[in-house]
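>>> Need a 3D model of the following:
(chains A and B)
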Amino acid sequence: TQLLEQSPQFLSIQEGENLTVYCNSSSVFSSLQWYRQEPGEGPVLLVTVVTGGEVKKLKRLTFQFGDARKDSSLHITAAQPGDTGLYLCAVAGGTSYGKLTFGQGTILTVHP
Amino acid sequence: NAGVTQTPKFRVLKTGQSMTLLCAQDMNHEYMYWYRQDPGMGLRLIHYSVGEGTTAKGEVPDGYNVSRLKKQNFLLGLESAAPSQTSVYFCAGSDWREGTQYFGPGTRLLVL
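Next up is the predicted model:
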């Protein structure tokens, strides 16, 4: 059983559409991070959320941490081809004390 | 600053051969990590280090060894490579155990 479940695993959309990616667990965490990984490169941090119910915005990306700190979502408005990549959530605390545990990722493809 | 670098970028091994992957960082990270990334599995932690001279096992340590003789370098060794170790290997560094991780560009390893 995965500590973190990301959904969907694959997402293929047209430029201009909106989308939401989910990261769920049954455990409580002290913080949650979202990374984006482009082909042939390592993951790069997008945001860290630490407070239950917290919402953070990064241009067209909106991140939300669940009230109970067990889940998170990433919403992209008006997706662009440059958003294409693998989106990974990672958690710390709880059963991941002292390290990060990554979800399996969502592969997003945005077609022009 | 070069950040986190990995050597080599790509390698092909035959079953039973040995090799060492080098991770170097110039960001003064205290913590360093080795992950492997396989399709649909996200990033899985192999070994990590919480400081110079220390190492610890991660989620999938079997078949790998590590050393951190100098703070800036973290080496991952495969003593007897197996086809199951075909993967993309990422090194990362961070300033604290549950903080942002800064990744290298990855090493693609193919074991025949």
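>>> show me what contacts A:Asp67?
Each residue near A:Asp67 by CB atoms under 8 Å, 6 or more residues apart in numbering or on different chains is listed here: A:Gly52, A:Gly53. (Glycine included, C-beta is placed from N, CA and C.)
>>> Same check on B:Tyr33?
Contacts for B:Tyr33 (CB under 8 Å, 6+ apart) come out as A:Lys99, B:Leu45, B:His47, B:Tyr48, B:Ser49, B:Gly58, B:Phe74, B:Cys91, B:Ala92, B:Gly93, B:Ser94, B:Gln101.
>>> Please name the spatially closest residue to B:Cys23 (chain neighbours excluded).
In space, and not counting its chain neighbours, B:Cys23 is closest to B:Cys91: 3.4 Å by CB to CB, 6 or more residues apart in numbering or on different chains.
>>> Return the distance of stretch B:39-54 from the chain's centre.
A distance of 7 Å separates the centroid of the chain from that of stretch B:39-54, by CA atoms, centre = their mean, to the nearest Å.
>>> List the buried residues in it.
For stretch B:39-54, the neighbour count (16 or more other CB atoms under 10 Å in any protein chain shown) marks B:Gly42, B:Leu43, B:Arg44, B:Leu45, B:Ile46, B:His47, B:Tyr48, B:Ser49, B:Val50 as buried.
>>> These: which ones sit near chain A?
B:Gly42, B:Leu43, B:Arg44, B:Leu45, B:Tyr48 (CB under 8 Å from any CB of the partner chain).
>>> In chain B, which residue sits nearest chain A?
Chain A sits closest to B:Phe103 of chain B, with a gap of 2.9 Å, by CB to the nearest CB.
>>> Excluding chain neighbours, what is closest to that residue?
Among residues not flanking B:Phe103 along the chain, A:Gly42 sits closest, at 2.9 Å (CB to CB, 6+ apart).
>>> Enumerate every residue touching the most centrally placed residue in chain B.
With distances taken as CA atoms, centre = their mean, B:Trp34 lies nearest the centre of chain B, 3.0 Å away. Listed by CB under 8 Å, 6+ apart, the contact set of B:Trp34 reads B:21, B:23, B:45-48, B:58, B:64, B:66, B:74, B:76, B:89-91.
>>> can I get those in CSV with pLDDT?
Formatted as CSV, the contacts of B:Trp34 follow (pLDDT from 0 to 100):
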residue, pLDDT
B:Leu21, 98
B:Cys23, 98
B:Leu45, 92
B:Ile46, 95
B:His47, 95
B:Tyr48, 92
B:Gly58, 90
B:Tyr64, 98
B:Val66, 98
B:Phe74, 98
B:Leu76, 98
B:Tyr89, 98
B:Phe90, 97
B:Cys91, 97
